[in-house]
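Peer 1: Have a look; sequence and predicted model below, questions after that.
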Amino acid sequence: MTGLTPSDANFGYTPKAYYNARETEIVNPAAIIKSEDLKNVHNELQTELEFINKRMQRYYDSKRLEGLTFKERDIVYLSTKNITTKRPSHKLDFKYIGPYKIVRKISKNNYELDLPTKVRLHKVFHVALLESAADTIHVKISNELEEIDGPELYEAEAIRET
């Protein structure tokens with residue numbers, strides 16, 4: 001876009017293969033002018049980069065949606081994407097279960113749900129796994145997860161060193 005190589009932008013010239021060593025430092029008025037020219041080039045490149053970044057951000061943001069936000073006591077459905085059930089095929093299983101009430105907002109993207117006590121799942125879920133019940137058609141969807149077989153607590157027989 002600017003027609004400058006990186007060495008032209010940083011140093012003001014294209015570097016040579018080798019340089020002769022200088023014996024003494026000489027203050028040259030042309031060097032002062034050259035350094036000010038380089039500062040002007042850097043400022044111009046900085047403003048162009050800021051403009052390009054803003055333009056890229058505008059096009060990136062135009063294709064993104066705002067994230068879903070829920071409030072306490074909202075009713076949501078929970079996706080069964082990461083939940084294993086007793087059904088033989090995940091393909092034929094319920095896509096969403098619920099509805100469940102949101103107890104509290106943990107962070108920007110995580111919510112705690114009011115799950116039944118017999119369901120042994122962590123109660124905090126990411127917003128991507130939640131579907132608003134207000135936006136969906138009110139059809140009876142399985143509101144109960146099947147109880148997982150096995151004892152509630154396990155006792156360790158022994159701790160082995162490895």
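Peer 2: Cool, the structure landed.
Peer 1: Report the buried residues of whatever helix or strand Ala31 lives in.
Peer 2: Using DSSP states H and E, Ala31 falls within helix 29-62. Buried positions in helix 29-62, judged by neighbour count with 16 or more other Cβ atoms under 10 Å: Val41. (Each C-beta comes from the backbone N, C-alpha and C, glycine too.)
Peer 1: quick check: domain ranges of this structure?
Peer 2: 6-62, 75-132 (automatic domain parsing).
Peer 1: how about the ones you listed in CSV, adding distance to Glu157 and mean pLDDT?
Peer 2: Below are the domains of the chain laid out as CSV (distance: least, Cβ to Cβ, whole Å; pLDDT from 0 to 100):
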stretch, distance to Glu157, mean pLDDT
domain 6-62, 55, 86
domain 75-132, 21, 89
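Peer 1: deepest of those, which one?
Peer 2: domain 75-132 (a mean of 15; mean count of other Cβ atoms under 10 Å).
Peer 1: ok now it, how far from the chain's centre?
Peer 2: 21 Å (Cα atoms, centre = their mean, to the nearest Å).
Peer 1: ditto for stretch 63-81
Peer 2: That offset, for stretch 63-81, works out to 16 Å (Cα atoms, centre = their mean).
Peer 1: same check, this time on stretch 38-54
Peer 2: That offset, for stretch 38-54, works out to 28 Å (Cα atoms, centre = their mean).
Peer 1: quick one on the thing from earlier: would you turn the domains of the chain into JSON lines with distance to Leu153?
Peer 2: Output for these, formatted as JSON lines (distance: least, Cβ to Cβ, whole Å):
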{"stretch": "domain 6-62", "distance to Leu153": "49"}
{"stretch": "domain 75-132", "distance to Leu153": "10"}
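Peer 1: Go ahead and confirm Lys71 touches Ile102.
Peer 2: Yes. Counting by Cβ atoms under 8 Å, Lys71 does reach Ile102; the two are 7.2 Å apart.
Peer 1: returning to that earlier point: give me the helices and strands touching the helix or strand following the helix holding Ala31, please.
Peer 2: Downstream of helix 29-62, the next assigned helix or strand under DSSP H and E is strand 75-79. Strand 75-79 makes packing contacts with strand 96-105, strand 110-113, strand 130-132 when contacts are defined by 3 or more Cβ pairs under 8 Å, 6 or more residues apart in numbering; DSSP states H and E.
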